[in-house]
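# A structural model of the following input is requested.
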Amino acid sequence: MEHQLFSHKQLAASCFNKVWDYLDKEVLSPEEKEEMIHLCHSSFWHWTQVEDHTRQNISIGYWQLSRVYAVVGQGESALFYAKRCITVGTSANLNPFYIGYGYEAAARAFSTLKQFEQCKEMMKQAHDYVEKIVDNENKQLLLNDLNSIPYSV
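Okay, the predicted model is just below:
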């Protein structure tokens, strides 16, 4: 059993990191976009199979799913996973960094959907959480991502 738990954790991390490789690329082919979606869902599923997974692991997984769907232009799916990220983060009372990233994901999803008023509201919520982040490096990471979201036509 222990070996299987390790295998799920390793597969989850491996898929997660491969998704980041795709997210770091400037341009993705249709095949790469599809593979990125499959890898992200695989990562999430494997995390759910790790016996000692945390709500933080799940929050991060939902955030990555939202980001992937925003990148491929599927705003409705991006918004669905952003809302799941926010729900998990707030109900588990996670660190403000993770909840702030839930709102960042929602802002990015609304931007993808060209719903800029809702995007601005989510940006405001995210900035409220930025103020609560103690670690300056984490604060700057979230601010950088928020600054990369287009919120007007």
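
# could you measure V19 against E26, distance?
From V19 across to E26, the span is 16 Å (C-beta to C-beta, to the nearest Å). Every C-beta, even on glycine, is put in place using the N, C-alpha and C of the backbone.

# And the helix or strand of the chain with the lowest mean pLDDT, what's buried?
Taking mean pLDDT, DSSP states H and E as the measure, the chain has helix 2-23 as its least confident helix or strand, at a mean of 85. Residues of helix 2-23 classed as buried: H8, K9, L11, A12, C15, F16, K18, V19, Y22 (neighbour count, 16 or more other C-beta atoms under 10 Å).

# Could you do stretch 129-144 as well?
For stretch 129-144, the neighbour count (16+ other C-beta under 10 Å) marks Y129, V130, I133, N138, K139, L141, L142, L143 as buried.

# Spit out the contact partners of the fourth one.
Remark: with contacts taken as C-beta atoms under 8 Å, 6 or more residues apart in numbering, N138 is in contact with F97.

# Which helix or which strand is home to the residue most central in space within the chain?
By C-alpha atoms, centre = their mean, the chain has its centre lying nearest to W63, at 1.8 Å. Using DSSP states H and E, W63 maps to helix 55-71.

# got the angle between that helix and helix 2-23?
If you take axes from the mean of the first three to the mean of the last three C-alpha atoms, to 10 degrees, helix 55-71 sits at 30 degrees to helix 2-23.

# List the buried residues for the next helix or strand after helix 55-71?
Using DSSP H and E, the next helix or strand after helix 55-71 towards the C-terminus is helix 75-91. Judged by neighbour count using 16+ other C-beta under 10 Å, the buried positions of helix 75-91 are 75, 77-86, 88-89.

# What is the nearest of those to I37?
The closest of the buried residues of helix 75-91 to I37 turns out to be S77 (C-beta to C-beta; 8.9 Å).

# ok, so what distance separates the closest one from Y101?
In terms of C-beta to C-beta, S77 sits 17 Å off from Y101.

# Could you do N17 as well?
Counting by C-beta to C-beta, the gap from N17 to Y101 is 18 Å.

# now do L141
Per C-beta to C-beta, L141 is found 9 Å from Y101.

# Which positions within the helix holding W63 qualify as buried?
Those would be 57-71, for helix 55-71 by 16+ other C-beta under 10 Å.
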